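Trainee: Task: produce atomic coordinates for the following.
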Amino acid sequence: MQNGILSTYKILADSDTITQGYRVVEKMENNPNFPDPPPALAETKKVLPELQSAVSDAKGRDVEAVALKNKLKVEVIALLTVLADYVTVTCKGDRLKLLSSGFPISGANSTQIDQEIGQLEVFLGPPGEATTTVKRLRAARAYMHQYTTEPPTSQTVWHSEGSKFPYYTFSGLTSMAKYWFRVVAITGGGETKTSPVVTRVIQ
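Mentor: As a prediction, the model looks like this:
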């Protein structure tokens, strides 16, 4: 497999997105491998504290706070994508240079997932609870269990919960509301497989 940046940074949980962003900023600033970074690097450094504060404020599930958090997360992911494109062009496949960027990197040593997630089961429990479960994949090292409250598009920011298990129970969901669920399996090398999306109305 050719060395390159994996897109897993786009599907992380809120806290992990912040951690990934700070890691990229720390690694790329004053890095001789990236002598002329785009303005997105400085902008990422500026927006990350705002996202960190917004994530904390959104824990109370206030609608406006959640909307601001989601907006800032989309902005950070877009900025990271600009930086990933710059790193890709600059490094030209050089693995050591790619690793120095702070982004998750693919390569010959990574373990590919050689299976597909054929089916996602979503079981409704007591009011406000739903459990997502998929068949365990041999090479998967972690699973991101995700949901959104709006019909998903390519711009959707999913609420994510990481687990080493292929099942997870969400709680605190809104009764009688419609949710869209999916599961993303991740290998130790960072490759991903995404389940089909399943819709449920929460009890």
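
Trainee: Tell me where the model's unsure across the chain.
Mentor: By pLDDT under 70, the low-scoring segments of the chain are 1-2, 107-115, 188-189.

Trainee: Next, please give the residue ranges for the strands of it.
Mentor: 120-124, 130-134, 140-148, 159-163, 167-170, 178-187, 192-194, 198-201 (DSSP state E).

Trainee: Can you say which of those is nearest to Ala13?
Mentor: strand 159-163 (3.9 Å; CB to CB). Backbone N, C-alpha and C define where each C-beta goes, glycine included.

Trainee: who does the closest one pair up with?
Mentor: strand 140-148 (antiparallel) (DSSP bridges).

Trainee: which parts of the strand it pairs with are buried?
Mentor: Applying a neighbour-count criterion of 16 or more other CB atoms under 10 Å, one finds Ala140, Tyr143, Met144, His145, Gln146, Tyr147, Thr148 buried in strand 140-148.

Trainee: I'd like to know which of the residues you listed is nearest to Ala78.
Mentor: Thr148 (17.7 Å).

Trainee: How is the protein partitioned into domains?
Mentor: 7-99, 120-201 (automatic domain parsing).

Trainee: Start and end of the shortest one, how far apart?
Mentor: Start-to-end span of domain 120-201 (CA to CA, to the nearest Å) is 16 Å.

Trainee: Run the chain-centre distance for that domain.
Mentor: How far domain 120-201 lies from its chain's middle: 12 Å, per CA atoms, centre = their mean, to the nearest Å.

Trainee: All further residue positions should be reported with the first residue as 153.
Mentor: From this message on, residue numbering opens at 153, which makes the last subject domain 272-353.

Trainee: wait, which of the domains of the chain is closest to Ser258?
Mentor: Among the domains of the chain, domain 272-353 sits nearest to Ser258 (CB to CB), with 6.3 Å.

Trainee: How much space separates Val353 from Trp332?
Mentor: 11 Å (CB to CB, to the nearest Å).

Trainee: who's more crowded, those two?
Mentor: Applying other CB atoms under 10 Å to Val353 and Trp332 shows that Trp332 carries more neighbours, namely 18 against 11.

Trainee: beta partners for that one?
Mentor: Going by DSSP bridges, Trp332 forms beta bridges with Thr300, Thr351.

Trainee: Could you report the neighbour count for Lys244?
Mentor: 9.

Trainee: backbone phi and psi for it, please?
Mentor: phi 50, psi 40 (degrees, to the nearest 10).

Trainee: ranges for the helices of this protein?
Mentor: 166-180, 192-209, 215-243, 247-251 (DSSP state H).

Trainee: got JSON lines for those helices, with distance to Ser323 too?
Mentor: Listed next are the helices of the chain as JSON lines, based on distance: least, CB to CB, whole Å:
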{"stretch": "helix 166-180", "distance to Ser323": "17"}
{"stretch": "helix 192-209", "distance to Ser323": "19"}
{"stretch": "helix 215-243", "distance to Ser323": "17"}
{"stretch": "helix 247-251", "distance to Ser323": "38"}
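
Trainee: Right, I'll leave it there.
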